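1. what's the 3D shape of this:
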Amino acid sequence: MSSLVPDFDVQRVLVTPWTSDATMNGWIVLMGFLVATTCGWVGQYLLLRRMALMGDALSHSILPGLAGAFLIASFLNPGTADGAGNARGATVMYLGALAAALVTTLLIHWLHTASRVKQDAAIGIVFSGLFALGVILITVFADQVDLDADCVLYGEIGTVGFTDYFQLSGRDVAPLPVARMAIVALLTFAWIQLFYKELLVSSFDPGLASSLGIRANWVHGVLMLWLSVVIVSAFESVGAILVVAMLIVPGATASLLSTSLPRIFSLIVLHAAISSLFGLHLALWLDCSIAGAMVVTGCGLFVLAWLSHVIRVRRARHASLPQDAPPGTLASPSVTPNPP
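-> Down below sits the predicted model:
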């Protein structure tokens with residue numbers, strides 16, 4: 001009987017990936033790092049706004065966009081097999097997914113602001129409805145729509161090195177998914193730097209933002225728009241389900257270690273680097289989904305951060321007690337050793 005957990009072969013898991021397949025694995029780790037970093041940065045603002053479910057909504061609502069884009073492209077170009085007319089080409093699918101994400105954002109905002117439906121309920125209604133619509137489209141047109149369920153759920157991060165390359169001056173620079181994600185990451189960094197104050201104030205107190213002349217609604221709309229771009233860009237690599245973890249886990253982990261937003265962003269970068277590198281080796285060891293292994297590694301880092309946070313809180317409470325206090329005495333309510 002084979003072992004439940006494979007034997008850990010140091011040569012196969014740690015050495016061979018960087019000797020015989022270094023280029024391929026390098027692109028995989030870089031893609032995972034870019035996805036986790038970019039999603040983590042944008043996801044941090046979702047956490048501050050208590051909108052963690054928004055990433056879940058957008059990632060699931062992408063499905064009808066993918067199916068719709070395929071059907072429209074197939075109808076307009078029924079005889080084409082590749083190139084710009086390919087119904088499953090990256091550009092066609094990207095535009096369809098982005099359109100679905102934008103429609104989701106607008107529907108949630110309209111349903112929440114035009115009625116008494118709370119935001120979390122609006123998110124649940126819209127994303128479940130659109131996801132069900134995507135399932136129906138695929139079911140009805142099953143003979144025409146050839147979408148891999150594993151790809152939709154888990155992504156194709158393991159094949160980024162085999163895709164077409166982005167060329168500059170006739171030379172291959174990087175695989176197209178990696179180049180696209182790198183551009184999105186750079187634009188996200190620049191956007192946060194330029195509008196740091198507006199994003200910070202509107203996330204914590206929209207009323208204060210309005211009093212300071214900041215259009216909180218516009219900032220929120222742009223954030224949701226860019227969230228759509230980030231999710232669609234990451235979707236190809238990590239799929240609909242795992243992109244949610246990439247949005248939440250890095251920021252949640254960093255928030256346990258610091259209350260300074262700039263430091264949190266730096267910790268998100270560190271979290272992304274560790275989870276992408278160790279996740280690759282975990283996937284090679286267990287022979288499982290690479291994107292899934294990266295998320296599991298990130299969740300492991302979250303558990304370590306949570307344990308560290310709990311230990312710090314207990315030590316702070318113990319230090320705040322009088323030396324002669326009997327065992328079991330609670331600290332004074334006025335003491336806040338670990339402010340939110």
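2. next up, the contacts around Ile123.
-> 51, 53-54, 56-57, 108 (CB atoms under 8 Å, 6 or more residues apart in numbering). Where C-beta positions appear, they are placed from N, C-alpha and C, glycine not excepted.
3. nearest to Ala245 among the residues you listed?
-> Set against Ala245, the nearest of these by CB to CB is Asp56 (10.0 Å).
4. list the contacts for the closest residue to that closest one other than its chain neighbours?
-> Leaving out its chain neighbours, the residue that sits closest to Asp56 by CB to CB, 6 or more residues apart in numbering is Val244, at 4.9 Å. Residues in contact with Val244 (CB under 8 Å, 6+ apart) are 55-56, 59.
5. would you mark the buried spots in the host helix or strand of Leu66?
-> In this assignment (DSSP states H and E), Leu66 forms part of helix 52-76. Along helix 52-76, these residues count as buried under the neighbour rule (16 or more other CB atoms under 10 Å): 52-71, 73-74.
6. same deal with stretch 294-310?
-> Within stretch 294-310, judged by 16+ other CB under 10 Å, the buried ones are 294-298, 300-302, 305.
7. again, but for stretch 18-28
-> By neighbour count on 16+ other CB under 10 Å, the buried set for stretch 18-28 is 24-25, 27-28.
8. thinking again about what came up before, adding pLDDT and distance to Arg171, write the contacts of Ile123 out as a markdown table.
-> A markdown table is the format used below for the contacts of Ile123 (pLDDT from 0 to 100; distance: CB to CB, whole Å):
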| residue | pLDDT | distance to Arg171 |
| --- | --- | --- |
| Met51 | 82 | 42 |
| Leu53 | 77 | 43 |
| Met54 | 81 | 40 |
| Asp56 | 75 | 40 |
| Ala57 | 78 | 40 |
| Ile108 | 83 | 43 |
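9. ok, which pair from those residues is furthest apart?
-> Top of the distance list for the contacts of Ile123 (CB to CB): Asp56 and Ile108, 11.7 Å.
10. ok, back up a step: what's the helix holding Leu66 packed up against?
-> helix 22-48, helix 90-113, helix 119-140, helix 216-257 (3 or more CB pairs under 8 Å, 6 or more residues apart in numbering; DSSP states H and E).
11. who's in contact with the spatially closest residue to Thr104 that is not a sequence neighbour?
-> Distances taken as CB to CB, 6+ apart put Ser61 closest to Thr104, at 4.0 Å, once the chain neighbours are dropped. Listed by CB under 8 Å, 6+ apart, the contact set of Ser61 reads 100-101, 103-104, 126-127, 130-131, 134.
12. quick check: the gap between Val303 and Ala252.
-> 11 Å (CB to CB, to the nearest Å).
13. next: Val310.
-> 14 Å.
14. cool, and Val92?
-> 34 Å.
15. now do Leu186
-> 24 Å.
16. of these two, who's got more company?
-> Ala252 (22 against 12; other CB atoms under 10 Å).
17. quickly find the element holding the residue lying closest to Tyr165 once chain neighbours are set aside.
-> Once flanking residues are discounted, Tyr165 sits nearest to Asp172: 3.9 Å by CB to CB, 6+ apart. Using DSSP H and E, Asp172 sits in strand 171-175.
18. tell me what that strand is packed against?
-> helix 22-48, strand 165-168.
19. list the strands paired with that strand, with their directions.
-> Neighbouring strands of strand 171-175 in its sheet, by DSSP bridges, are strand 165-168 (antiparallel).
20. pull the residues that contact the strand it pairs with.
-> So strand 165-168 is contacted by 172-176, 178-180 (CB under 8 Å, 6+ apart).
21. swap in stretch 281-298?
-> By CB under 8 Å, 6+ apart, stretch 281-298 touches 5-6, 8-9, 12-14, 17, 28, 32, 36, 154-155, 157-158, 237-239, 242, 245-246, 249-250, 253, 271, 274-276, 278-280.
22. could you check the angle helix 119-140 makes with the helix holding Leu66?
-> 30 degrees (axes from the mean of the first three to the mean of the last three CA atoms, to 10 degrees).
23. helix 52-76: how far from the chain's middle?
-> Taking CA atoms, centre = their mean, to the nearest Å, one finds the center of helix 52-76 at 16 Å from the center of the full chain.
24. circling back: weakest of the helices and strands packed on strand 171-175 in terms of mean pLDDT?
-> Comparing mean pLDDT across the helices and strands packed on strand 171-175, the weakest is strand 165-168, with a mean of 76.
25. then that one to PDB, C-alphas only?
-> Coordinates of the C-alpha atoms in strand 165-168 are reproduced here as PDB (Å, rounded to 0.1, in the frame of the first residue of the first chain):
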ATOM      1  CA  TYR A 165       6.100  35.400 -25.000                       C
ATOM      2  CA  PHE A 166       5.900  39.200 -24.900                       C
ATOM      3  CA  GLN A 167       8.500  40.500 -27.300                       C
ATOM      4  CA  LEU A 168      10.500  43.700 -27.200                       C
END
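26. picking that back up, ok, so of the contacts of Ile123, who is nearest Gly213?
-> The closest of these, once distances to Gly213 are taken by CB to CB, is Met51, at 23.6 Å.
27. now the closest one. Nearest residue, chain neighbours left out?
-> Using CB to CB, 6+ apart, the nearest residue to Met51 is Gln119, at 7.3 Å.
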